[in-house]
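Asks: structure for the following, please:
(one chain, ligands or ions: 1)
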Amino acid sequence: MTDRSAVVTRFAPSPTGDLHIGGARTALFNLLYARHTGGRFLIRVEDTDRERSTASAVQAIFDGLAWLGVAADAEPVFQHTRIDRHREVVAELLAKGRAYKDFTIAEELEAERAAARAEGRVVRSAWRDRDPAEGGDRPFVLRFKSPLEGETLVDDLVKGPVRFQNKELDDLVLLRTDDTPTYNLAVVADDHDMGVTHVIRGDDHLNNAARQTLIYQALGWTVPAFAHIPLIHGPDGAKLSKRHGAQAVGEFAGQGYLPEGMRNYLARLGWGHGDDEIFTDAQAAEWFDIADVVKAPARLDWAKLNFVNQQYMRHADDARLTEMVAAVHQSRDVTITEAGRARLAAAIPLVKEGAHTTLELADLTAFTLLSRPVVLDEKSRKRLDSETLARLGRLHDHLNSEAQWDAPSLEAALRKFAEIEGVGLGKFGGALRSTLSGAASAPDLASALTALGKAESLGRLGDALSQPA
Ligand code: GLU
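Replies: Coordinates of the predicted model:
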């Protein structure tokens, strides 16, 4: 039984570009499990590939995590700074007789590969049993001396017990010819030194867990608990790829999802707490347990993501949404004046219920930022015949005398006007809408008038009246 108060989890990304949502979910699960157990969550940047691990690739991972609100409990560990320690661990394995120098040259390796294939067995270097002195000063790699018999059990917390026949595991390289450590060695050394108790990661690493287990055992170290979570698939059940849409966390941000909505959605991707769809971070931490991680691959479901995000949009602070939506408008080259910003801010609480994302909220509020005179499309212009224009003129005066400029009062004022005119709202509603918002989408008339404010509403209405028909 693991001492649950001492749980240490980690997220160990290889910086190769953006933070993918699969990685983001892995990070989140590690964070939630640490929070659930009162343990600690760490981040290790697996940057031993110095060519791919550029500063910008590393930054992209940090930016993605920061946006998502997934923060570690300590400074990140950079794997490349630990190379001396990795070499030390290999030396220890060598001293214990659990590693050997392999001087095989390329041609010999080819021949052994062919022989192994023909005999249906894994590749074994002849140097496993040879005297290293015979290698002289030729270049060599250091290989792990994997047991030839028996089996290795990975008692996975998600997959259940998975058994590997040792004879099917080859002697993996620990240290390359250039003295650099390989992934499996570095991971074991780092997880051990960081005190990691639970390795929660994508199930593409399940086979590595067997190899890593053998290295832990050879060193006499405690093997951490493993939890290999199924990968995220696209809505069609196929492995997630570009054709399914957004992949990187940054793309989801760009599509107008809120970080808290994304966190909630990602937590539900492969894990659940009954039928609860919407929950707080605290509830997620309270409820999250590896035992409840689903064995089948989770499917990305855009409709569900939109639904979840919409719930968060509804509860999001209006000033914050205004900031975010203003940024979207600006990215669309819309100029925002001070008055325009006030109209935008007024519109947000009136229309946000209907928006799944901040991009949709930008579409729904675009009418507030139109510059005057509002450009009318062909259809709207046709609607403004002399009878309608005369009626809009009377409506202008009617609204001008309206002292209370809020949605309920305006709603009543519009009804009253229809009554006075002896017509239905439909007789002037569409025309009023065009004068206020042109071809842009707008909420119900009372809300649109409220968001625009009295001066702007009457100004736009007046523009339409003075425009040549
Ligand atoms: N760096 C590895 C990756 O990004 C993960 C290693 C691990 O979690 O053990 O796939």
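Asks: name the nearest residue to K167, sequence neighbours excluded.
Replies: Closest residue to K167 apart from its sequence neighbours, by C-beta to C-beta, 6 or more residues apart in numbering: L148 at 5.7 Å. Backbone N, C-alpha and C define where each C-beta goes, glycine included.
Asks: L28: what's its closest spatial neighbour, skipping adjacent residues?
Replies: Nearest to L28 is L266, by C-beta to C-beta, 6+ apart, at 5.3 Å.
Asks: how near is that neighbour to the ligand?
Replies: According to C-beta to the nearest ligand atom, to the nearest Å, L266 stands 17 Å off from the ligand.
Asks: now do the contacts for that residue.
Replies: I21, A24, R25, L28, L68 (C-beta atoms under 8 Å, 6 or more residues apart in numbering).
Asks: for the first one, phi and psi?
Replies: The phi/psi pair for I21 (degrees, to the nearest 10) reads phi -70, psi -30.
Asks: wait, what's in contact with it?
Replies: Contacts of I21 by C-beta under 8 Å, 6+ apart are I232, L240, A246, Q247, A248, V249, F252, L266, L300.
Asks: tell me which of those fall in strands.
Replies: Cross-referencing these against strands under DSSP state E gives I232.
Asks: could you find the lowest-pLDDT member of the contacts of I21?
Replies: Taking the contacts of I21 together, the minimum pLDDT is found at A246 (80).
Asks: distance of the spatially closest residue to that one that is not a sequence neighbour from the ligand?
Replies: Once flanking residues are discounted, A246 sits nearest to F252: 5.2 Å by C-beta to C-beta, 6+ apart. Distance, F252 to the ligand, by C-beta to the nearest ligand atom: 19 Å.
Asks: any idea how far D170 is from F252?
Replies: F252 sits 40 Å away from D170 when distances are taken as C-beta to C-beta, to the nearest Å.
Asks: D155: helix or strand, and which one exactly?
Replies: strand 151-156 (DSSP states H and E).
Asks: name the single longest helix found in this structure.
Replies: For the chain, the helix that runs over the most residues, judged by DSSP state H, is helix 445-466.
Asks: what residues sit buried inside that helix?
Replies: 445-453, 456-458, 460-462, 464 (16 or more other C-beta atoms under 10 Å).
Asks: quick check: next helix or strand after the worst-scoring helix or strand of the chain on mean pLDDT?
Replies: Scoring the helices and strands of the chain by mean pLDDT, DSSP states H and E places helix 378-383 at the bottom, with a mean of 88. Going down the chain from helix 378-383, the next helix or strand is helix 386-400, by DSSP H and E.
Asks: give me the buried positions along that next one.
Replies: Here helix 386-400 shows T388, L389, R391, L392, L395, H396, L399 as buried, counting by 16+ other C-beta under 10 Å.
Asks: what segments of the stretch 1-150 of the chain are helices?
Replies: 21-37, 55-68, 83-95, 106-119 (DSSP state H, counting those that start in this stretch).
Asks: brain fart, the stretch 151-300 of the chain
Replies: Under DSSP H, counting those that start in this stretch, the stretch 151-300 of the chain gives helices at 183-193, 206-219, 249-254, 259-267, 281-287.
Asks: per-residue confidence averaged over the first one?
Replies: Think helix 183-193. 98.
Asks: angle of it against helix 206-219?
Replies: Inter-element angle recorded for helix 183-193 and helix 206-219: 60 degrees (by axes from the mean of the first three to the mean of the last three C-alpha atoms, to 10 degrees).
Asks: how about helix 183-193: buried residues?
Replies: For helix 183-193, by 16+ other C-beta under 10 Å, it's Y183, N184, L185, A186, V187, V188, A189, D190, D191, H192.
Asks: which of these sit farthest apart?
Replies: Farthest-apart pair in those is Y183 and H192; separation 14.8 Å (C-beta to C-beta).
Asks: what's the angle between the longest helix of the chain and helix 386-400?
Replies: Using the same axes, to 10 degrees: helix 445-466 against helix 386-400 is 120 degrees.
Asks: with just CA atoms, put helix 445-466 into PDB.
Replies: The C-alpha trace of helix 445-466 is given here as PDB (Å, rounded to 0.1, in the frame of the first residue of the first chain):
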ATOM      1  CA  LEU A 445     -34.300  44.500 -30.200                       C
ATOM      2  CA  ALA A 446     -34.700  45.500 -26.600                       C
ATOM      3  CA  SER A 447     -31.300  44.100 -25.700                       C
ATOM      4  CA  ALA A 448     -29.700  45.600 -28.800                       C
ATOM      5  CA  LEU A 449     -31.100  49.000 -27.900                       C
ATOM      6  CA  THR A 450     -29.900  48.600 -24.300                       C
ATOM      7  CA  ALA A 451     -26.400  47.700 -25.300                       C
ATOM      8  CA  LEU A 452     -26.100  50.500 -27.800                       C
ATOM      9  CA  GLY A 453     -27.400  53.100 -25.400                       C
ATOM     10  CA  LYS A 454     -29.900  55.800 -26.200                       C
ATOM     11  CA  ALA A 455     -27.600  58.200 -28.100                       C
ATOM     12  CA  GLU A 456     -26.100  55.600 -30.400                       C
ATOM     13  CA  SER A 457     -29.500  53.900 -31.000                       C
ATOM     14  CA  LEU A 458     -31.200  57.000 -31.900                       C
ATOM     15  CA  GLY A 459     -28.200  58.100 -33.900                       C
ATOM     16  CA  ARG A 460     -28.200  54.900 -36.000                       C
ATOM     17  CA  LEU A 461     -31.900  55.200 -36.400                       C
ATOM     18  CA  GLY A 462     -31.600  58.800 -37.500                       C
ATOM     19  CA  ASP A 463     -28.800  57.900 -40.000                       C
ATOM     20  CA  ALA A 464     -31.200  55.500 -41.700                       C
ATOM     21  CA  LEU A 465     -33.900  58.200 -41.800                       C
ATOM     22  CA  SER A 466     -31.700  60.700 -43.500                       C
END
